[in-house]
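Peer 1: The sequence isn't on hand, but the structure is:
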């Protein structure tokens, strides 16, 4: 059974860098054809896809985040990490990590609330 768990600070100050970790169990993040995504949901708004890192370590990002986002991985710990620079209160929301196979989101973490203080 594939499980994902987000972790990181619940409160970040404006202009700082947000760093969140997704720990994966039940499957290696290097498993062929799997993509590993970060998705967020601001309060009262729709889900927003932020970016992904795939099984080979290649990344793709949402251009609307204006180069503030980066995703890396720690294969020894079976984790992938989100970094979002220069945060503002508009970055407040629930952040999710999710696995993807064949354009199908297979498993999601429970989500972690992030508040950016002004």
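Peer 2: Looks like it arrived, so ask away. Since this is a predicted model, take the numbers as computed values, not measurements.
Peer 1: Name the residue closest to the centre of the chain, please.
Peer 2: Within the chain, the residue whose C-alpha comes closest to the C-alpha centroid is residue 38; the distance, by Cα atoms, centre = their mean, is 2.8 Å.
Peer 1: any idea which helix or strand comes after the host helix or strand of it?
Peer 2: Assigned by DSSP states H and E, residue 38 belongs to strand 34-41. Read in the C-terminal direction, the helix or strand following strand 34-41 is strand 48-54, with elements assigned using DSSP H and E.
Peer 1: average model confidence for the next helix-or-strand element following that following strand?
Peer 2: For strand 48-54, the following helix or strand on the C-terminal side (DSSP H and E) is strand 59-61. Across strand 59-61, the average pLDDT comes to 96.
Peer 1: For the helix or strand that strand 59-61 is followed by, list every residue counted as buried.
Peer 2: Reading on from strand 59-61 to the C-terminus, the next helix or strand found by DSSP H and E is strand 69-74. Of the residues in strand 69-74, those buried under the neighbour-count criterion (16 or more other Cβ atoms under 10 Å) are 69-71, 73. Using the backbone N, CA and C atoms, a C-beta is placed for each residue, glycine as well.
Peer 1: likewise stretch 104-117?
Peer 2: Counting neighbours by 16+ other Cβ under 10 Å, one finds that the buried residues in stretch 104-117 are 107-109, 111-112, 114, 116.
Peer 1: No further queries at this time; thank you.
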